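Enquirer: Any chance you can model this:
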Amino acid sequence: MRVIVGFRAIALGLAITVTGCASPPNVEVDAAKASLDTAVADHADQYASESLKAAQDARAALDAELKAQESKWFKSYDKAKELAVAAKAAGDKAAADALAGKAAAEALAIKEKADAAARAKAMIAPIRVGGQIRAPTKIKDVKPVYPAMAQSARVTGVVTIEATIGPDGKVIDAKVVRSIPLLDQAALDAVRQWEYSPTLLNGVPVPVLMTVQINFTRQ
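Expert: Next up, the predicted model:
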């Protein structure tokens with residue numbers, strides 16, 4: 001009986017010794033750190049801030065667990081290994097989200113630049129409606145919102161606007177040529193949302209300049 005008890009004590013001592021000498025999961029920890037560093041280098045703070053925050057939190061949890069084990073006499077790094085794997089996954093996601101966010105931002109910038117170039121091109125020498133150049137057909141109408149201040153002041157009348165219609169039929173510029181101060185902005189806001197069928201010259205869409213009138217009457 002004493003032999004059995006002694007054997008069990010030795011076995012328990014060996015198990016404790018093995019556990020106490022367990023080594024940190026350095027490979028997994030290094031991989032987690034490298035993953036987060038990659039996300040930071042890919043500007044995740046700019047393009048994927050939420051994913052980066054999650055990765056940083058996962059890294060902080062890993063560091064806290066490693067530090068906690070350092071102060072223990074008998075160490076166990078099973079949880080640290082799990083946290084390291086989770087931190088790497090979070091870092092990889094942040095890096096991937098950063099690349100996707102950057103690509104989306106670049107695509108948007110390219111589109112905005114192209115749209116600006118198109119607007120600039122359309123602004124070059126628009127043709128005034130008249131003669132052989134017929135007024136385009138409106139296909140989208142937006143009614144102006146009668147300003148409450150103008151209604152209270154019983155202001156009515158016609159605001160005349162000179163509108164530039166792009167080759168695609170959208171209003172790309174509008175300015176007041178006959179003003180009623182309390183009504184001008186409401187008129188501009190409406191006209192800028194109008195759309196027309198494209199005006200063709202020799203089969204090619206061209207920008208046109210036309211005068212429109214917005215009549216404000218009290219109901």
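Enquirer: Tell me which other helices or strands the lengthiest helix in the chain touches.
Expert: Taking DSSP state H as the criterion, the chain has its longest helix at helix 78-122. Helices and strands touching helix 78-122, by 3 or more CB pairs under 8 Å, 6 or more residues apart in numbering; DSSP states H and E, are helix 26-41, helix 44-47, helix 49-70. Just so you know, the C-beta spots here come from the backbone N, C-alpha and C atoms, and that holds for glycine as well.
Enquirer: The longest one vs helix 26-41, what angle?
Expert: Comparing the axes of helix 49-70 and helix 26-41 via axes from the mean of the first three to the mean of the last three CA atoms, to 10 degrees yields an angle of 150 degrees.
Enquirer: List of residues touching helix 49-70?
Expert: 24, 29, 32-33, 35-36, 39-40, 44-45, 75-77, 79-80, 83-84, 86-87, 89-91, 93-94, 97-98 (CB atoms under 8 Å, 6 or more residues apart in numbering).
Enquirer: ditto for the second one
Expert: Applying CB under 8 Å, 6+ apart, the contact partners of helix 44-47 are 51-52, 55, 94-95, 97-102, 105.
Enquirer: what do you get if the cut-off is 7 Å, keeping everything else the same?
Expert: 51-52, 94-95, 97-98, 101-102, 105 (CB atoms under 7 Å, 6 or more residues apart in numbering).
Enquirer: now do the first one
Expert: By CB under 7 Å, 6+ apart, the list of residues contacting helix 26-41 from outside reads 52, 55-56, 59, 62, 81, 84-85, 87-88, 91-92, 94-95, 98.
Enquirer: Any idea how many residues pack against the closest residue to L201 other than its chain neighbours?
Expert: Excluding its sequence neighbours, the residue lying closest to L201 (CB to CB, 6 or more residues apart in numbering) is I127, at 6.9 Å. The number of residues packed near I127 is 16, by other CB atoms under 10 Å.
Enquirer: got a list of what I127 touches?
Expert: Per CB under 7 Å, 6+ apart, neighbours of I127: 133, 201, 206, 208-209.
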